[in-house]
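Colleague: Below: sequence and its predicted model.
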Protein chains: 2
Amino acid sequence: MAISYCPSLRYTAKEHVISFPHVNFKDYSKKRNCRLVYASALKSEKELLFESKVGPLLDSVKWDDKGLAVAIAQNVDTGAVLMQGFANKEALSTTISSRKATFYSRSRSSLWTKGETSMNFINVHDIFLDCDRDSIIYLGKPDGPTCHTGSETCYYTSVFDFLKGSQDLKDRLLSTTLHSLESTIAARKAEIGATENGKPSWTKRLLCDKKLLCSKIREEADELCRTLEENEDRSRSAAEMADVLYHAMVLLSAKDVRIEEVLELLRHRFSQSGIEEKNRRKSDH
Amino acid sequence: MAISYCPSLRYTAKEHVISFPHVNFKDYSKKRNCRLVYASALKSEKELLFESKVGPLLDSVKWDDKGLAVAIAQNVDTGAVLMQGFANKEALSTTISSRKATFYSRSRSSLWTKGETSMNFINVHDIFLDCDRDSIIYLGKPDGPTCHTGSETCYYTSVFDFLKGSQDLKDRLLSTTLHSLESTIAARKAEIGATENGKPSWTKRLLCDKKLLCSKIREEADELCRTLEENEDRSRSAAEMADVLYHAMVLLSAKDVRIEEVLELLRHRFSQSGIEEKNRRKSDH
């Protein structure tokens, strides 16, 4: 039961055991089950079709003169770009089969699965190729911080922050709008209790006054509904939705809930892939 | 008034005119004002500090043996990775000064500002370097589709869709959870009116029944508030927020509003950069 596309996979007759020969598993077995054992030795037609297509897929990538393509890992929920490395044919095929983001280390001339040392694997949900077929995105969910510095993403140096030359500058993680807003709210929350000049910001007032916060959330949700019920302009719906989101995110902050957790829940309910898709169909959303 | 860091900039004494000498402007002037004219010839201390730091910043990047680093353009609101190219020192300095994502074309051996032909510039709000200083992210807002195919992003080929071998497969854009959910809702909306077997999905029922949809939004917002008021477990807040988000996004779909528009509004209200930051401070959020 040999497979041609991935030299790093070992298959046995009775069970499909997927291993990472380049990974040092000495610590891995303590934390996780390192053997992904498939229940049946019989492959379905779908599985065979899948495997027969991996070779052509790998051949369709435009590998450079060193046999490499850029590989970017991105958090499926937050959209944060976690890291960027390079993949060769074997790294991509290993990622496809193991669903753990795997790269080719140019300095060590070897395959490298992100997390093989730190255990912070990036669990790949989907892989995208660009229009030129020379750039790859591993879209997935990290088990923990991706950067070797302990940072969530390797991108934490803002060029413009650096150029503005603030002395009290702290690292600022790359983040998109929703997550920047979350950071802003968290910063206001952290300031609560500190001596202030002038009146506290609106966010702080909301954080300190449950009654006010909840009345605002109910009010904004009602206003959003009225844009539909009263056929208001679509720009009103966008503005009211922004209000709902902001105030609801202040509540999440008060409850120490990250928007990433909410997005993960939504993904589990609505994801298009595998078992989740099946459940989604069952629940008939 | 020479500047050392960017050979592609021309400065005059009376006004600061920034031009892109490598860009063919024959069509550009029809659509936009191609000259960015600064009001004053006198530079503030902040501007001088900014400029004095660009050289060291450019020198701190670990350019490869060809003088290049990977440069990734990402949509600041949606998190979608738009495209990936390479930058040399000049491309990065041009991006810093012009705030338009600029790359080095390896095939043409020249600078290339995304949008110089299509007018679909990527307006760069921030630039991030990774921990190794050999990978760059241009975080910005595209004027239009980034891909030469007219697609929003160059990443529209899903490896797993390809491997599953669906015959009726259409291109599926790379997208993160919130935007995948939006696509799922849009797909249900598009199915409305088609002959159906069995009862319609919940999303379709909501889309067809304003009263039901609005009562659900008000109900879910109320339940979210009660998780705070009644000190429920934080997991309840996450679950109720997921319900609020989903139902509110169905309303947005009914009003033909994209979540990207809402995020853009939030960014304008809360962004940490430039004028927006000033306004944010004024509004005292």
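Modeller: Great, that's in hand.

Colleague: tell me, how many neighbours does the closest residue to residue A:149 other than its chain neighbours end up with?
Modeller: Nearest residue to residue A:149, sequence neighbours excluded (CB to CB, 6 or more residues apart in numbering or on different chains): residue B:131, at 5.8 Å. Every C-beta, even on glycine, is put in place using the N, C-alpha and C of the backbone. Number of residues near residue B:131 (other CB atoms under 10 Å in any protein chain shown) recorded here: 18.

Colleague: Hmm, residue A:156 and residue B:131 touching each other?
Modeller: Yes - using CB atoms under 8 Å, residue B:131 is in contact with residue A:156, at 7.2 Å.

Colleague: residues shared between the contacts of these two?
Modeller: Counting by CB atoms under 8 Å, 6 or more residues apart in numbering or on different chains, the contacts common to residue B:131 and residue A:156 are A:147, A:149.

Colleague: just the helices in chain A please.
Modeller: A:28-31, A:45-60, A:89-98, A:159-164, A:177-191, A:202-208, A:210-229, A:234-254, A:259-270, A:274-283 (DSSP state H).

Colleague: Save those as JSON lines, and put in mean neighbour count and mean pLDDT too.
Modeller: As requested, the helices of chain A are exported to JSON lines (neighbours: other CB atoms under 10 Å in any protein chain shown; pLDDT from 0 to 100):
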{"stretch": "helix A:28-31", "mean neighbour count": "11", "mean pLDDT": "44"}
{"stretch": "helix A:45-60", "mean neighbour count": "14", "mean pLDDT": "86"}
{"stretch": "helix A:89-98", "mean neighbour count": "23", "mean pLDDT": "97"}
{"stretch": "helix A:159-164", "mean neighbour count": "19", "mean pLDDT": "88"}
{"stretch": "helix A:177-191", "mean neighbour count": "19", "mean pLDDT": "94"}
{"stretch": "helix A:202-208", "mean neighbour count": "20", "mean pLDDT": "95"}
{"stretch": "helix A:210-229", "mean neighbour count": "19", "mean pLDDT": "98"}
{"stretch": "helix A:234-254", "mean neighbour count": "22", "mean pLDDT": "98"}
{"stretch": "helix A:259-270", "mean neighbour count": "21", "mean pLDDT": "95"}
{"stretch": "helix A:274-283", "mean neighbour count": "12", "mean pLDDT": "39"}
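
Colleague: out of the ones you listed, nearest to residue B:190?
Modeller: Nearest to residue B:190 among the helices of chain A is helix A:259-270; the distance by CB to CB comes to 16.1 Å.

Colleague: The closest one near chain B at all?
Modeller: Yes - using CB under 8 Å from any CB of the partner chain, helix A:259-270 reaches chain B at A:259, A:261, A:262, A:263, A:264, A:265, A:266, A:267, A:269, A:270.

Colleague: Show me what that helix is packed up against.
Modeller: helix A:177-191, helix A:234-254, helix A:274-283, helix B:177-191, helix B:234-254 (3 or more CB pairs under 8 Å, 6 or more residues apart in numbering or on different chains; DSSP states H and E).

Colleague: make it 6 Å
Modeller: Contacts defined by 3 or more CB pairs under 6 Å, 6 or more residues apart in numbering or on different chains; DSSP states H and E place helix A:259-270 against helix B:177-191, helix B:234-254.

Colleague: which strands and helices sit next to the first one?
Modeller: I take that to be helix B:177-191. Helix B:177-191 packs on helix A:259-270, helix B:202-208, helix B:234-254, going by 3+ CB pairs under 6 Å, 6+ apart.

Colleague: Could I get those helices in CSV, plus columns for distance to residue B:120?
Modeller: CSV is the format used below for the helices and strands packed on helix B:177-191 (distance: least, CB to CB, whole Å):
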stretch, distance to residue B:120
helix A:259-270, 28
helix B:202-208, 31
helix B:234-254, 25
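
Colleague: Quick check: the residue of the stretch 1-150 of chain A nearest chain B.
Modeller: With CB to the nearest CB, the shortest gap between the stretch 1-150 of chain A and chain B falls at residue A:79, namely 2.1 Å.

Colleague: So which residues on the stretch 51-200 of chain A come close to chain B?
Modeller: Within the stretch 51-200 of chain A, the positions near chain B by CB under 6 Å from any CB of the partner chain are A:53, A:57, A:70, A:76-77, A:79, A:81, A:84, A:126-131, A:135, A:137, A:147, A:149, A:154-155, A:157-160, A:162-163, A:165, A:174, A:176-177, A:181, A:184.

Colleague: Next, count neighbours for residue A:67.
Modeller: Residue A:67 has 14 nearby residues by other CB under 10 Å.

Colleague: Before we move on, what's the pLDDT of it?
Modeller: Per-residue confidence (pLDDT) for residue A:67: 97.

Colleague: contacting residues for it?
Modeller: residue A:88 (CB atoms under 6 Å, 6 or more residues apart in numbering or on different chains).

Colleague: One more: residue A:114?
Modeller: Contacts for residue A:114 (CB under 6 Å, 6+ apart) come out as A:101, A:122.

Colleague: Quick check: phi and psi on it?
Modeller: Here is the backbone geometry of residue A:114 (degrees, to the nearest 10): phi -60, psi 120.

Colleague: okay, it: pLDDT?
Modeller: 97.

Colleague: if we can go back for a sec, residue B:221 is nearest to which of the helices and strands packed on helix B:177-191?
Modeller: Among the helices and strands packed on helix B:177-191, helix B:234-254 comes nearest to residue B:221, with 5.6 Å by CB to CB.

Colleague: and that closest one, what does it pack onto?
Modeller: Applying 3+ CB pairs under 6 Å, 6+ apart, one finds that helix B:234-254 makes contact with helix A:234-254, helix A:259-270, helix B:177-191, helix B:210-229.

Colleague: again, only using 10 Å
Modeller: When contacts are defined as 3 or more CB pairs under 10 Å, 6 or more residues apart in numbering or on different chains; DSSP states H and E, helix B:234-254 packs onto helix A:210-229, helix A:234-254, helix A:259-270, helix B:177-191, helix B:202-208, helix B:210-229, helix B:259-270.

Colleague: what distance separates the third one from the middle of the whole chain?
Modeller: Meaning helix A:259-270. Here helix A:259-270 is found 11 Å from its chain centre; the criterion is CA atoms, centre = their mean, to the nearest Å.

Colleague: if I pick the nearest residue to residue A:46 once chain neighbours are set aside, what's in contact with it?
Modeller: Closest residue to residue A:46 apart from its sequence neighbours, by CB to CB, 6+ apart: residue B:164 at 7.3 Å. Contact partners of residue B:164, counting by CB atoms under 10 Å, 6 or more residues apart in numbering or on different chains, are A:46, A:49, A:50, A:53, A:273, B:158.

Colleague: Report the contact partners of the nearest residue to the third one once chain neighbours are set aside.
Modeller: Think residue A:50. Nearest non-adjacent residue to residue A:50, counting by CB to CB, 6+ apart: residue B:163, 4.8 Å away. By CB under 10 Å, 6+ apart, the contact list for residue B:163 reads A:46, A:49, A:50, A:51, A:52, A:53, A:54, A:56, A:57, A:96, A:127.

Colleague: Wait, residue A:162 touches residue B:133, no?
Modeller: No - using CB atoms under 10 Å, residue A:162 is not in contact with residue B:133; the gap is 11.3 Å.

Colleague: Next, the residue nearest to the residue of the stretch 1-150 of chain A closest to chain B when sequence neighbours are not counted: phi, psi?
Modeller: The shortest distance from residue A:79 to any residue other than its chain neighbours is 2.1 Å, reached at residue B:79 (CB to CB, 6+ apart). Reported as degrees, to the nearest 10, the phi and psi values for residue B:79 are phi 80, psi 0.

Colleague: Tell me who's in contact with residue B:79.
Modeller: Residues near residue B:79 by CB under 10 Å, 6+ apart: A:74-81, A:174-179, B:139, B:174-179, B:263.

Colleague: In contact with the residue nearest to residue A:149, which residues?
Modeller: Shown in contact with residue B:131 (CB under 10 Å, 6+ apart): A:83, A:146, A:147, A:148, A:149, A:151, A:153, A:154, A:155, A:156, A:157, A:171.
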